[in-house]
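S.K.: Can you look at this prediction? I've put the sequence above it.
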Amino acid sequence: MINLSIVGLGVEYPPFSLGSSTLDTLVKRHYPDSPAMQKVLSINKFTGIDSRSAIGTVDHPMANMDRAPTIKELCDVFLSDGVALAVSACRKALEEANLAPTDITHVVSTTCTNSANPGYDHYVCKKLGITQPVEKVLLHGIGCSGGLASLRTAANLALGSSFRGRKARVLVMATEISSLLVRSELDSIHELQETRIGVTLFSDCASACVLSNGIGGPVSEPVYELLGWDHRMIPDTEQDLGFDVDPLGWKVVLSPRVPKFATSVVPQTFQDLIANLPSLPPNHREAADFDWALHPGGATILSGVEKTMKISSEHMRASYDTYINHGNSSSATIFSVMDRMRQKDMDALAPGGKVKDYVVGCAFGPGIAIEMCLLKRNLEYVGREMQASGELTPPMTESEVESEGGRSDEEAEGEGEEIEREIEIVKEKGKELEEKLVRVGEGEGVKLQNGELMGDGKVDVEVDSLEEALNGVDLD
């Protein structure tokens, strides 16, 4: 046992949600009609994403200048809005871990949408009140795999502290502001007449977790135990997935080969990870024995892993839910998926109605890199719960628990009725999500997203292979 556990999670999405029509509006405002633009707009309708979280609406000034914003202008917004999101996410994680900022011994951070020096983590720590002595690391060049890469780095730092008999409480954070890159991407589509679908997938988010080695200080109840991890690169794929610096921010590099490569490497990585954990119960050897927290890079990634690993969409219910409701927030998404996985309305969608206590975390990034870890969920953990309304509520205090014991029969009956109503709402939301899972994972959406746009504007979905389906269409 390595005795590492995640004792707090925090996720902060910005207040605005953008539907697919937002992209149509921006294109109509700023660009002439063209075949490439029409192809991207057609694909945008079939990503399976209902809404994408963003720091502003379609009328945000940075999206409506007479040109795309410069990298300096983007940096200024990130250090304002992005840092604010990160501070909020970190505070949530610290609160759940029952830790003060001064309890933090290490900070591991990542982003691919900012390159400030000092890094954004410096400003987040300053606002949180995390002071010396603290060891900080800011990871760069890892894109969508950044969340799990940061967790892996945090784990190795914590194990180093354990070896020396020292306390480790590592704050891990990931922050991305992708929405403001829309004009730069649309410029490239217009000028180069390329099909670039990054503009249809990405969103904004900050997320954080606290990793503990259990030595010294207050001992917090684990949300997840971290049991092991694996990391590997797919040779000769550097040109397939990237995020290149540009005077107008960053340019997404997504080749048609990404989904095929990503899904093909998962089985062996999974088998190697499980083989290195002999303490696992003997009935935990197949992919379907676990729940899956997969980074939702795109509908094709989700459905591809589902088919390759012979699991159901319900195994990846939190990934689909996050993708549908928020889009792909790059490195920050995986902690959001892990946070969503533990909520009661997600439990209601577990395969066969039985929640798995072991969870596989997986993400892909530039390189192409794959990050995978194995977590054990604390099913008895009583922490923040997601109400059917979507609001997070803290656990009851001792005084609240005591007052509950003094309720009248009428109050108890009323609360019972309220609980039943909440359960019915959760069931309804579960049915809605199940329908969306089919639509995203198996329905026409993936076929149309993968299909070839013909000269008449229709989509040819009659293809014989993944390679043929992806011909000419860049997908994450």
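M.R.: Cool, the structure landed. Numbering: from 1, shown residues only.

S.K.: Residue 6 against residue 211, yeah?
M.R.: Yes. Using Cβ atoms under 8 Å, residue 6 makes contact with residue 211 at a distance of 5.8 Å. In short, each C-beta sits where N, CA and C put it, glycine included.

S.K.: what is in contact with those two at once?
M.R.: Both residue 6 and residue 211 are contacted by residue 226, under the criterion Cβ atoms under 8 Å, 6 or more residues apart in numbering.

S.K.: how far out from the middle of the chain is stretch 282-301?
M.R.: Centre-to-centre, stretch 282-301 and its host chain are 14 Å apart (Cα atoms, centre = their mean, to the nearest Å).

S.K.: how about it as PDB, C-alpha atoms only?
M.R.: Once non-C-alpha atoms are left out, stretch 282-301 reads as follows in PDB (Å, rounded to 0.1, in the frame of the first residue of the first chain):
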ATOM      1  CA  PRO A 282      -9.400 -11.400  -8.000                       C
ATOM      2  CA  ASN A 283     -12.800 -10.500  -9.500                       C
ATOM      3  CA  HIS A 284     -11.300  -7.100 -10.700                       C
ATOM      4  CA  ARG A 285      -9.500  -8.000 -13.900                       C
ATOM      5  CA  GLU A 286     -11.800  -6.900 -16.800                       C
ATOM      6  CA  ALA A 287     -12.500  -3.400 -17.800                       C
ATOM      7  CA  ALA A 288     -16.200  -3.800 -17.000                       C
ATOM      8  CA  ASP A 289     -15.300  -4.600 -13.300                       C
ATOM      9  CA  PHE A 290     -14.500  -0.900 -12.900                       C
ATOM     10  CA  ASP A 291     -16.200   2.400 -13.300                       C
ATOM     11  CA  TRP A 292     -14.300   4.700 -15.800                       C
ATOM     12  CA  ALA A 293     -13.400   8.400 -15.400                       C
ATOM     13  CA  LEU A 294     -12.300   9.000 -18.900                       C
ATOM     14  CA  HIS A 295     -11.300  12.500 -20.200                       C
ATOM     15  CA  PRO A 296     -14.100  13.300 -22.600                       C
ATOM     16  CA  GLY A 297     -11.900  14.500 -25.500                       C
ATOM     17  CA  GLY A 298     -14.800  14.100 -28.000                       C
ATOM     18  CA  ALA A 299     -17.700  11.800 -28.800                       C
ATOM     19  CA  THR A 300     -15.500   9.500 -30.900                       C
ATOM     20  CA  ILE A 301     -13.000   9.100 -28.000                       C
END
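
S.K.: which parts of that stretch are buried?
M.R.: 287, 289-301 (16 or more other Cβ atoms under 10 Å).

S.K.: So which of these sit within strands?
M.R.: Within the buried residues of stretch 282-301, residues falling in strands by DSSP state E are 291-294.

S.K.: Could you give the bridge partners of the nearest residue to residue 6 once chain neighbours are set aside?
M.R.: If the residues on either side of it in the chain are set aside, residue 6 comes closest to residue 224, at 4.4 Å by Cβ to Cβ, 6 or more residues apart in numbering. Taking DSSP bridges as the rule, residue 224 bridges to residue 6, residue 377.

S.K.: just residue 251 next, same as before
M.R.: residue 244.

S.K.: Isn't it up against residue 186?
M.R.: No. Contact criterion Cβ under 8 Å: residue 251 and residue 186 do not qualify, at 11.7 Å.

S.K.: Comparing these two, which residue is more hemmed in?
M.R.: Neighbours per residue, other Cβ atoms under 10 Å: of residue 251 and residue 186, the larger number sits with residue 186, 21 against 17.
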